[in-house]
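got a sequence here, can you build the structure:
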Amino acid sequence: MAVPATGARVVAAAAASNDSARTPPLTTILDLFDRHRSFLLTGHENPDGDCLGAETALFHLLKALGKQAHIVNPDPIGRSFDFLQRHTPFASARAETPLPEFDCAILLDCCQLSRVGHLGQRLQQSGVPIGVIDHHVGSENGDGSVCYVDATAAATGALVRRLFRQLDVPLTPPAAEGVFLSLIADTGWFRYSNADAEVFAMASELVAAGVDVSLIYDSLFRRRHPQSTALLCEALATHRLLLGGRLALAVLDRSLMDRASHIDFDPDEILEPLRSTEGVEVVALCKERFDGTVKVSLRARRDVDVQAIAGVWGGGGHKKAAGATMKMSLAAAAAAVEAEVQRALEAAGG
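Residues are numbered from 1 along each chain as shown. Got it, this is the predicted structure:
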């Protein structure tokens with residue numbers, strides 16, 4: 001495997017609100033594409049719709065450019081997303097799994113090799129350049145030697161769509177499906193405040209390019225395991241309203257998480273019903289993991305910056321949606337989350 005020198009960090013971060021103003025900084029990531037022949041595309045553990053959709057779109061862009069591309073994630077693709085495999089190959093790598101040949105790696109929807117699990121260490125040891133394409137605040141400070149980061153973008157897939165436009169590469173139906181999945185994943189099917197004019201214009205374009213919206217919706221939400229409804233009810237029943245009803249806190253122990261894993265049930269599905277409760281400002285979901293740590297997922301409705309809360313434990317995300325891994329017991333994690341949310345509410349004037 002060739003190991004080119006990584007050189008100094010180059011950041012392509014665009015802050016303008018219109019696409020034409022955003023495109024010039026893309027030349028840095030495009031130069032990375034031009035300099036290399038074979039790419040390994042990867043993302044964070046338990047890849048979600050934005051991560052997988054962006055990987056799909058970039059895979060097809062690189063193939064159109066005559067490059068070799070491989071998608072290798074730290075975890076297998078979930079059943080809800082397996083419709084993507086109609087046109088795009090996905091692989092996952094355990095510690096001993098051989099990796100395909102590549103001379104450049106691209107992290108999508110994350111910026112730190114630590115977020116890629118055991119695969120991150122292998123990429124670091126490979127010595128190849130690391131590119132980052134992401135829309136999270138601060139991702140330009142991650143592990144990428146070349147970064148295309150725009151925290152104003154609704155989804156990572158939206159950034160990949162701009163690459164197609166900049167390179168004047170036609171958007172194929174598989175790539176369009178990937179971008180659309182990214183958009184609906186991170187805008188909650190266009191319900192969240194980040195569903196801006198670019199998102200709706202892009203969605204219209206993608207549907208015109210042949211995206212089957214009903215197929216995607218059915219794949220994501222109408223193929224659930226028969227036990228999923230009971231598990232959803234059980235997970236919702238763990239929640240408590242705290243801090244005068246401003247915090248909805250749910251706690252899922254390892255037993256419930258194990259059952260969720262066996263039927264491919266995403267516990268984060270309870271976040272939106274809880275956020276819809278009148279008076280709730282912050283929703284916190286603490287999930288006990290198999291390694292003894294606790295993953296906390298945070299959502300906000302208005303002024304509370306949950307990204308800052310997640311940052312207390314080294315996590316991150318967005319102002320209204322963030323998460324972190326906490327190295328403590330489940331009970332201690334729940335207490336710590338409640339204390340930090342209380343401080344955040346007080347700071348916000350709540």
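
next one: the lengthiest helix in the chain to chain centre, how far?
Counting residues, the longest helix in the chain under DSSP state H turns out to be helix 330-347. A distance of 24 Å separates the centroid of the chain from that of helix 330-347, by C-alpha atoms, centre = their mean, to the nearest Å.

what comes up buried for that helix?
Using 16 or more other C-beta atoms under 10 Å as the burial criterion, the residues of helix 330-347 that qualify are 330, 333-334, 336-338, 340-342, 344-345. (C-beta placed from N, C-alpha, C; glycine too.)

next one: stretch 122-139
Here stretch 122-139 shows 122-123, 126, 128-137, 139 as buried, counting by 16+ other C-beta under 10 Å.

same thing with stretch 86-105?
Buried, per 16+ other C-beta under 10 Å, within stretch 86-105: 88, 90, 92-93, 99, 102-105.

end to end, how far does that stretch reach?
With C-alpha to C-alpha, to the nearest Å as the measure, the ends of stretch 86-105 fall 24 Å from one another.

now the element after the lowest-mean-pLDDT helix or strand in the chain, going C-ward?
Least confident helix or strand of the chain, by mean pLDDT, DSSP states H and E, is helix 19-22 with a mean of 41. For helix 19-22, the following helix or strand on the C-terminal side (DSSP states H and E) is helix 27-35.

what packs against the helix or strand following that next one?
Helices and strands here follow DSSP H and E; after helix 27-35, the next one along the chain is strand 38-43. Here strand 38-43 touches helix 49-64, strand 68-73, strand 104-108, helix 118-126, going by 3 or more C-beta pairs under 8 Å, 6 or more residues apart in numbering; DSSP states H and E.

which residues are contacting the shortest one?
The one in question is strand 104-108. Residues from elsewhere that reach strand 104-108 (C-beta atoms under 8 Å, 6 or more residues apart in numbering): 4, 32, 35-36, 38-43, 51, 54-55, 58, 113, 115-116, 123, 126, 128-134, 142-144, 156, 160.

hang on, the earlier thing: same list (the buried residues of helix 330-347) but as CSV, adding pLDDT and distance to residue 300.
What follows is the buried residues of helix 330-347, written out as CSV (pLDDT from 0 to 100; distance: C-beta to C-beta, whole Å):
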residue, pLDDT, distance to residue 300
330, 97, 22
333, 97, 18
334, 97, 18
336, 98, 17
337, 98, 13
338, 98, 15
340, 97, 13
341, 97, 9
342, 97, 14
344, 95, 9
345, 94, 10
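
and the two most separated of these?
Greatest spatial distance in these: 330 and 345, 22.5 Å, computed using C-beta to C-beta.

how about the strands in the stretch 201-350 of the chain?
Along the stretch 201-350 of the chain, counting by DSSP state E, counting those that start in this stretch, strands occupy 240-242, 247-252, 282-288, 294-300, 316-317, 321-326.

give me the mean pLDDT for stretch 115-125.
Here stretch 115-125 scores 92 as its mean pLDDT.

if I look at the residue of the chain positioned farthest from its centre, what pLDDT would I see?
Going by C-alpha atoms, centre = their mean, the residue of the chain most distant from its centre is residue 244, 31.6 Å out. Residue 244 carries a pLDDT value of 96.

domain-wise, how is the chain divided?
Structural domains assigned to the chain are 10-220, 228-347, following automatic domain parsing.

could you identify which of the ones you listed is most buried?
Stretch with highest mean neighbour count among the domains of the chain: domain 10-220 (a mean of 19; mean count of other C-beta atoms under 10 Å).

name the spans of this protein whose pLDDT lies under the cut-off.
Across the chain, the ranges flagged by pLDDT under 70 are 1-25, 350.

and the residue nearest to residue 238 when sequence neighbours are not counted, bridged to which residues?
The shortest distance from residue 238 to any non-neighbouring residue, by C-beta to C-beta, 6 or more residues apart in numbering, is to residue 250 (4.9 Å). Note on residue 250: beta-bridge partners by DSSP bridges are residue 285.

now do the contacts for residue 250.
Listed by C-beta under 8 Å, 6+ apart, the contact set of residue 250 reads 235-236, 238-240, 270, 274, 283-286.

tell me how far it lies from residue 88.
34 Å (C-beta to C-beta, to the nearest Å).

now do residue 199
22 Å.

good, we can wrap up now.
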